[in-house]
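Engineer: build me a model from this:
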Amino acid sequence: MKRFICLGTALAVAGLAGCSSGVAPSSTVSGAGKGAAIGGLGGAVIGNNSSMGTGAGLVGGAVAGAAIGGIIGMVQDAKDRKEQDRLSQERAYQQERARKLQEEAKQKAAMDEELSIAQGFQISDLELNEAQKREAVANEQLKALREERAAALARKKALDDAHDHTLAAEAEIARLQEELARLKGEGTGAKATSAGTAPAAASAGTTTAATGTAPATSP
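Structural biologist: A predicted model of the protein is given here:
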């Protein structure tokens, strides 16, 4: 019992010291501290309701809680260390794999370069000149075809633009013809009305002069 009391007290003190110093305590110490606090509260309640007394219940609960919390913390520490080890091994494996892939890529590039050099020694000047001539002919043919294609597209676009402009011009011509015809028609009607009124007045005056009758005046 004394050993459990010492262990619980030490773990509780260590947990409090770790918290007060700003250093994150381990799961073992943290679990012991939490277990001591929870066990102390539970022991105090039990001791208060029994013949043990509040002090004895508090100490007993703290010791039991610290022991249980310490065990739980040690288990958690073991799990954390195992997970850290696994992550470290995984990182080391990935780094080694990346290094091997990089080394293999370098070796492949060096082998390809050596093969190209060996093939270059077997190429004659005649073969190289013929290949360059074929390249020039192919480039000229490709250029001519592209220019022909571009010219065809330009002609199609020019024809479409001409049709669109023609339709727009014809529509404007029709509108103007209609407007001018309407305006000319209104002007001709006005002139005809004026011309028809003047001869009528003249003929009335001639009739009066011939008969010698004075025009009627209002009284």
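Engineer: next helix or strand past the helix or strand hosting residue 94?
Structural biologist: Residue 94 is part of helix 54-121 when elements are defined by DSSP states H and E. Remark: after helix 54-121, the chain's next helix or strand is helix 125-211, criterion DSSP H and E.
Engineer: between that next one and helix 54-121, how big is the angle?
Structural biologist: 100 degrees (axes from the mean of the first three to the mean of the last three C-alpha atoms, to 10 degrees).
Engineer: care to break the chain down by domain?
Structural biologist: By the assignment in automatic domain parsing, the chain contains the domains 2-94, 152-183.
Engineer: any stretches of this protein with poor pLDDT?
Structural biologist: By pLDDT under 70, the low-scoring segments of the chain are 1-67, 69-70, 187-219.
Engineer: can we see that at 80?
Structural biologist: 1-78, 186-219 (pLDDT under 80).
Engineer: what residues does stretch 141-160 touch?
Structural biologist: Around stretch 141-160, nothing counts as a contact under C-beta atoms under 8 Å, 6 or more residues apart in numbering. Using the backbone N, CA and C atoms, a C-beta is placed for each residue, glycine as well.
Engineer: just use 80 as the starting number from now, easier for me
Structural biologist: That works, and once the first residue is 80, the last one we named lands at stretch 220-239.
Engineer: before we move on, the earlier item: which strands and helices lie in contact with the helix holding residue 173?
Structural biologist: The helices and strands touching helix 133-200, judged by 3 or more C-beta pairs under 8 Å, 6 or more residues apart in numbering; DSSP states H and E, are helix 81-100, helix 106-127.
Engineer: residues contacting residue 247?
Structural biologist: Taking C-beta under 8 Å, 6+ apart as the test, residue 247 contacts no residue whatsoever.
Engineer: CA atoms of stretch 246-258 as PDB?
Structural biologist: What follows is stretch 246-258, C-alpha atoms only, in PDB (Å, rounded to 0.1, in the frame of the first residue of the first chain):
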ATOM      1  CA  LEU A 246     -28.900  41.700 -98.100                       C
ATOM      2  CA  ALA A 247     -28.400  44.700 -95.800                       C
ATOM      3  CA  ALA A 248     -28.100  47.000 -98.700                       C
ATOM      4  CA  GLU A 249     -31.100  45.600-100.500                       C
ATOM      5  CA  ALA A 250     -33.200  46.000 -97.300                       C
ATOM      6  CA  GLU A 251     -32.100  49.600 -97.000                       C
ATOM      7  CA  ILE A 252     -32.800  50.300-100.700                       C
ATOM      8  CA  ALA A 253     -36.300  49.000-100.300                       C
ATOM      9  CA  ARG A 254     -36.900  51.100 -97.200                       C
ATOM     10  CA  LEU A 255     -35.700  54.300 -98.900                       C
ATOM     11  CA  GLN A 256     -37.700  53.600-102.100                       C
ATOM     12  CA  GLU A 257     -40.900  53.200-100.000                       C
ATOM     13  CA  GLU A 258     -40.200  56.300 -98.000                       C
END
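Engineer: and it, what's buried?
Structural biologist: The neighbour-count criterion (16 or more other C-beta atoms under 10 Å) identifies no buried residues in stretch 246-258.
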